[in-house]
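[1] What would the 3D arrangement of this be:
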Amino acid sequence: MLEAIWTGLLVALLGWIVSVLWNNRGRLPLLVASLRLFREVRVSMASLLRIQDDDRYVLVHSPYRPDSYGPPGGVIKYHPAARPALDRLRFREELRVDQRMRSDLRGFLPGRALPGFVRWFDRQEDRESALECVRRELAEELAEIDHPELAVGIDRLHFTHVRHVVDGPLKVPGRPYRVVRLFDIWDLSLDTPEGIRLRDALTALASDPTDRGVLVATADDIVHGRRQRSYLAPHAAYLMGESRFHADLPPLNS
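    Here you go, the predicted model:
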């Protein structure tokens, strides 16, 4: 009798383990990491755009990190309908000074809730798609560098998915939490006149010594983390592969 009970418990336990592994089969590294995350974890879900000119990459100036440049793109936003699901996961949005960052999928949740949060994200319900994020962020960043005219025709641009990157969990110096970031990387397709015009306009701005909004960097620059006097955002490395080389630069409004 006792042996039958123990056998039943063991079968149930194995069934639960198999179920968890299956439900998280696309994110097994995160599942393993969540088992070690007893405290809060900071999450950020972003979409980045790769614009290449031969062996160089187009980067734009960051208003939150002076003298630094990174790939166009940013954090995906959630819709109001997502709030009940996020509340159940105890997701707490990171406070920011800039109101444009409201509803960003960047914030804190218990480490044990990480697999559930990623499963919710993968369902693509009640949030921006990665492509919607790229288009919105590109228009916003062109305005930030004082060239909103370049956003004309953004709705006609085509993008090709390059890779998905899981960054972390990483320790944060001086902070009691770890960080997990998911990036989708997209190429600007040059199969439309609008795509070619945008690429050419941005590289022309990078060559203009009076304009500080755009910079082009080589792979060596990105590995080094600098282009002359300018810092290059560590996540620019994901334009080239799945590894980064430098720690984050702290933003002004963190």
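
[2] Just give the closest residue to residue 244, not the sequence neighbours.
    What sits nearest to residue 244 in space, not counting adjacent residues and going by Cβ to Cβ, 6 or more residues apart in numbering, is residue 237, at 4.5 Å. In this view, the C-beta of every residue, glycine as well, is placed from N, C-alpha and C.

[3] What ranges does the stretch 101-250 of the chain have for its strands?
    Under the criterion DSSP state E, counting those that start in this stretch, the stretch 101-250 of the chain carries strands at the ranges 106-110, 159-171, 178-188, 214-218, 226-227, 230-232.

[4] got those strands as TSV, with mean neighbour count and distance to residue 60 columns?
    Below are the strands of the stretch 101-250 of the chain laid out as TSV (neighbours: other Cβ atoms under 10 Å; distance: least, Cβ to Cβ, whole Å):
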stretch	mean neighbour count	distance to residue 60
strand 106-110	18	19
strand 159-171	16	16
strand 178-188	21	13
strand 214-218	21	6
strand 226-227	16	13
strand 230-232	20	11
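
[5] Give the helix, strand or coil label for the residue most central in space within the chain.
    What sits nearest the mean C-alpha location of the chain, by Cα atoms, centre = their mean, is residue 46, with 2.4 Å. Using DSSP: H, G, I helix; E, B strand; the rest coil, the structure places residue 46 in strand.

[6] need the contact list for it.
    73-76, 133, 181-184, 235 (Cβ atoms under 8 Å, 6 or more residues apart in numbering).

[7] wait, what's in contact with residue 164?
    Counting by Cβ under 8 Å, 6+ apart, residue 164 has contacts 182-185.

[8] Try it again at 7 Å.
    With contact set as Cβ atoms under 7 Å, 6 or more residues apart in numbering, residue 164 has these partners: residue 184.

[9] Chain neighbours aside, what residue packs nearest to residue 71?
    Nearest to residue 71 is residue 48, by Cβ to Cβ, 6+ apart, at 4.4 Å.
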